[in-house]
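# Please work out how this folds:
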Amino acid sequence: MSTTTTNAPGAVAQSSRRRPRRARGLWLLAVVAVLAALMVASILIGSRDVDLADVIAALGGGTDGFGQGSVAKRIPRTLLAVITGAALGVSGAVMQGVTRNPLADPGILGINMGASLAVVIGIGYFGLTAATSYIWVAITGAAITAVAVYVIGSLGRGGATPLKLALAGAATAAALASFISGIRLIRGDISDSALSWQIGGVGGATFASIGQVAPFLIGGFAICLLCARGLNSLALGDDLAAGLGERVAIARGVSSLGAVVLCGAATAVTGPIGFVGLVVPHACRLLVGVDHRWLLPFSAVTGAALLTAADIVGRIAARPSEVAVGIVTALIGAPFFIAIVRRQKVREL
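Now for the predicted structure:
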């Protein structure tokens with residue numbers, strides 16, 4: 001099965017010719033520099049500003065005073081924002097490549113919410129407490145939701161078109177969010193923790209949680225990067241990809257597995273954060289084209305930068321309280337989603 005939105009044969013090669021390797025390398029260095037600056041800003045900026053001396057002392061293990069204590073909490077928070085943003089950016093790029101759907105995103109397709117519901121059910125009815133258990137359960141929930149959305153979007157004439165997948169994902173996400181709310185009403189003892197899964201944030205980051213999720217994210221990144229060449233073939237259409245020797249079903253399945261692992265693992269530690277996987281790949285294609293061998297690394301770095309910036313904005317927008325990063329990304333991503341839909345003709349979708 002395939003979607004209706006395809007790239008013309010040779011698009012990857014033509015895009016590569018239009019964007020020399022040196023230019024793409026310079027863009028990558030620029031994005032990395034922006035990310036580094038944002039990471040420094042994330043450590044320095046918050047409800048309480050700190051100076052460089054506090055940062056140096058905190059990096060050395062010092063926790064004396066409010067400044068050093070604030071830095072000690074912001075460092076893991078910044079690292080979690082970076083790895084989560086990278087995971088969501090790559091996951092979105094892979095999903096768009098697998099489905100050839102410009103609207104594909106872990107949030108829009110309901111995959112984030114499926115992972116969240118699985119975790120909330122595990123906490124409320126199976127007594128899950130270990131962070132590693134959360135990750136496995138979240139990945140399972142994400143995988144089940146991804147399959148369900150694709151099956152629903154494939155029903156009827158025309159197969160899994162981008163518009164049908166987006167509608168199926170939106171409806172599924174709304175239904176799953178309602179289930180989470182229902183569980184919160186029934187199980188008041190887990191209501192506060194369940195609410196965090198619905199909003200999404202990186203405020204509770206610790207080095208322990210980062211260490212537990214890191215192996216899953218590394219595995220997901222490795223799978224996606226190894227599938228980059230296969231995603232380029234899929235962009236040419238299933239028939240042409242098969243003619244070039246690509247095993248279409250295997251390429252699509254393995255790529256989807258990598259995306260689901262990234263999405264599920266990230267959601268397990270942050271809750272559902274939407275629109276990063278939608279915005280980032282589109283922005284990166286403007287810089288490096290459609291070659292996934294470049295697009296995936298760019299999406300990782302740009303996604304990390306976007307989520308780190310959103311976390312900074314959330315901290316300073318309502319001092320001394322904070323706005324959850326999931327709300328900030330929604331404010332950024334919702335207009336972007338509308339713009340994408342308006343640029344596409346309904347018949348093309």
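
# Quick check: buried residues in stretch 175-183?
176-177, 180, 183 (16 or more other Cβ atoms under 10 Å). C-betas here are computed from N, CA, C, even on glycine.

# before we move on, what about stretch 250-263?
251-252, 254-263.

# among these, which are in strands?
With DSSP state E as the criterion, strands contain none of these.

# out of the residues you listed, which one sits closest to Thr308?
When the buried residues of stretch 250-263 are compared for distance to Thr308 (Cβ to Cβ), Leu262 wins out at 17.2 Å.

# show me the residues around the closest one that make contact.
Leu262 sits next to 87-88, 90-91, 217, 220-221, 224 when contact means Cβ atoms under 8 Å, 6 or more residues apart in numbering.

# for those residues, which one is nearest Ala318?
Leu88 (23.5 Å).

# Do you know the pLDDT at the closest one?
Leu88 is assigned 95 on the pLDDT scale.

# Can you get me a residue count around it?
35 (other Cβ atoms under 10 Å).

# Now do the SS call for Ile108.
Following DSSP: H, G, I helix; E, B strand; the rest coil, we place Ile108 in the coil state.

# Return the distance of it relative to Pro335.
14 Å (Cβ to Cβ, to the nearest Å).

# Name the residue in the two with the higher neighbour count.
Between Ile108 and Pro335, counting by other Cβ under 10 Å, Ile108 is the more crowded of the two (25 against 11).

# which residues touch the more buried one?
The contact partners of Ile108, by Cβ under 8 Å, 6+ apart, come to 166, 169-170, 173, 274-275, 278, 337.

# do the same with Ala228
Per Cβ under 8 Å, 6+ apart, neighbours of Ala228: 292-293, 295-296.

# How about it: what's its closest non-neighbour residue?
His292 (4.1 Å; Cβ to Cβ, 6 or more residues apart in numbering).

# circling back: narrow the buried residues of stretch 175-183 to those in helices?
176-177, 180, 183 (DSSP state H).

# Now tabulate those in CSV and tack on distance to Thr270 and pLDDT.
As requested, those are exported to CSV (distance: Cβ to Cβ, whole Å; pLDDT from 0 to 100):
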residue, distance to Thr270, pLDDT
Leu176, 17, 92
Ala177, 16, 88
Ile180, 15, 88
Ile183, 19, 89
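
# Geometric centre of the protein: which residue is closest?
Leu88 (1.5 Å; Cα atoms, centre = their mean).

# Surely that one touches Met95?
No: contact criterion Cβ atoms under 8 Å: Leu88 and Met95 do not qualify, at 10.4 Å.

# Name the residues contacting each of the two.
Common neighbours of Leu88 and Met95 (Cβ under 8 Å, 6+ apart) are 106, 277.

# where does this structure dip in pLDDT?
1-19, 54, 57, 60-67, 193, 196-197, 341, 344-349 (pLDDT under 70).

# what helices or strands is the longest helix that it contains leaning on?
For the chain, the helix that runs over the most residues, judged by DSSP H, is helix 65-99. Packing contacts for helix 65-99, counted by 3 or more Cβ pairs under 8 Å, 6 or more residues apart in numbering; DSSP states H and E, involve helix 21-44, helix 52-59, helix 207-226, helix 228-234, helix 248-270, helix 276-288, helix 292-316.

# How far away from the center of its chain is it?
10 Å (Cα atoms, centre = their mean, to the nearest Å).

# got it, and stretch 173-183?
Worked out by Cα atoms, centre = their mean, stretch 173-183 lies 20 Å from the chain centre.

# got it, and stretch 146-165?
21 Å.

# Test my guess that Val34 contacts Ala305.
Yes: the criterion here is Cβ under 8 Å, and Val34 meets it with Ala305 at 5.4 Å.

# Look at the two and report which has more neighbours.
Neighbour count, other Cβ under 10 Å: between Val34 and Ala305, Ala305 has more, with 25 against 16.

# can you pull the buried residues of stretch 291-304?
291-292, 294-304.

# how about these in JSON lines, adding distance to Asp239?
Rendered in JSON lines, the data for the buried residues of stretch 291-304 read as follows (distance: Cβ to Cβ, whole Å):
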{"residue": "Asp291", "distance to Asp239": "21"}
{"residue": "His292", "distance to Asp239": "19"}
{"residue": "Trp294", "distance to Asp239": "25"}
{"residue": "Leu295", "distance to Asp239": "23"}
{"residue": "Leu296", "distance to Asp239": "24"}
{"residue": "Pro297", "distance to Asp239": "29"}
{"residue": "Phe298", "distance to Asp239": "29"}
{"residue": "Ser299", "distance to Asp239": "27"}
{"residue": "Ala300", "distance to Asp239": "31"}
{"residue": "Val301", "distance to Asp239": "34"}
{"residue": "Thr302", "distance to Asp239": "32"}
{"residue": "Gly303", "distance to Asp239": "32"}
{"residue": "Ala304", "distance to Asp239": "36"}
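
# quick one, what contacts the residue nearest to Ile75 when sequence neighbours are not counted?
Distance criterion Cβ to Cβ, 6+ apart; nearest residue to Ile75, sequence neighbours excluded, is Ile43 at 6.3 Å. Shown in contact with Ile43 (Cβ under 8 Å, 6+ apart): 50, 55, 71, 74-75, 78.
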